[in-house]
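> Following is a predicted model, sequence given first.
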Amino acid sequence: MTRLSVNINKVALIRNARGEGRPNLLQFAKDCESYGAEGITVHPRPDERHIRYADLQPLKDIVGTEYNIEGYPSEKFIETVCQVQPHQVTLVPDPPGVLTSSEGWNAIKEQKFLQDVIARFHNNGIRVSIFLEADTEAVRAAADTGTDRIEFYTGHYAKNYLKDKTAAISSHISAAQQAEMSGIGVNAGHDLDLDNLYHYISHVPNLLEVSIGHALISDALYFGIQNTIKMYLNQINKKI
């Protein structure tokens, strides 16, 4: 079964706007879990415009499902994540100041760098996933880094879904098949929503986790967070 991990960055962004601790980030994370979410994802950035480094340990202390920290592996990020020890770290190739994650690693060019970083996390008992384009060559290169999982960047899929859903999903299917042959797990995230999620879930094999934040929190403004999580879980768990 595919797990739903809720990215709560946007909740932290709202909290930071007033600097008054409202909404309560920790309570929101606990509520998401109580409503059925099977993981909590956060992505601290250098400017800490949403999730702050100070949030990471308190969240680890209260998350009862699976805790996933995303980010670019700067030395500060690596040291902090190794101290916090989440269940999973997802490495993204974002340069400082980028608005959102919009591409995967060049796992061929960055292979040695990724091998070294992944080894440090493994030495601290942390599962590693790397953000990747849905490309079979990229998957083969990623397997050589020692990563446990890959997370497919689904932004292009979401953008092209309404134009041609078959074409939009094709590279993800073949890349996921390559991942299975390479012995690594598959996660996915970025711009998945209530319209395109079921098609993705029902076609990409061996999908372990989807991480969804912006669309889910936006939907919660209309439907409420409890109903929204239920709606996303319904898409994930529909019979194929």
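Thanks, I have the structure now.
> Can you list the buried residues in the lengthiest helix in the chain?
Taking DSSP state H as the assignment, the helix of the chain that covers the most residues is helix 165-182. Across helix 165-182, burial judged by 16 or more other Cβ atoms under 10 Å covers 168-169, 171-172, 175-179, 182. To be clear about C-beta, it is placed using only N, CA and C from the backbone, and glycine gets the same treatment.
> can you check stretch 119-138 too?
In stretch 119-138, counting by 16+ other Cβ under 10 Å, buried: 121, 126-136, 138.
> can you check stretch 150-158 too?
Neighbour-count burial for stretch 150-158, counted by 16+ other Cβ under 10 Å, picks out 150-158.
> Name the nearest of these relative to residue 205.
Nearest to residue 205 among the buried residues of stretch 150-158 is residue 152, at 12.1 Å by Cβ to Cβ.
> which residues are in contact with the strand or helix carrying the closest one?
Using DSSP states H and E, the element containing residue 152 is strand 149-153. For strand 149-153, the surrounding residues in contact (Cβ atoms under 8 Å, 6 or more residues apart in numbering) are 88, 90, 101-104, 127-134, 139, 142, 172, 175-176, 179, 184-190, 204, 208, 211.
> Can you give the strand pairings for that strand, parallel or anti for each?
The strands beside strand 149-153 in its sheet (DSSP bridges) come out as strand 127-132 (parallel), strand 185-189 (parallel).
> Save these as CSV, and put in mean pLDDT and distance to residue 225 too.
Compiled in CSV, the strands paired with strand 149-153 are given as follows (pLDDT from 0 to 100; distance: least, Cβ to Cβ, whole Å):
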stretch, mean pLDDT, distance to residue 225
strand 127-132, 97, 25
strand 185-189, 97, 18
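> Which one of those lies nearest to residue 199?
Short answer: strand 185-189, nearest of the strands paired with strand 149-153 by Cβ to Cβ, at 12.1 Å.
> where does the residue positioned nearest the centre of the chain fall, helix, sheet strand or coil?
The structure's the chain has its C-alpha centroid closest to residue 211; by Cα atoms, centre = their mean the separation is 4.0 Å. Look at residue 211: counting by DSSP: H, G, I helix; E, B strand; the rest coil, its state is strand.
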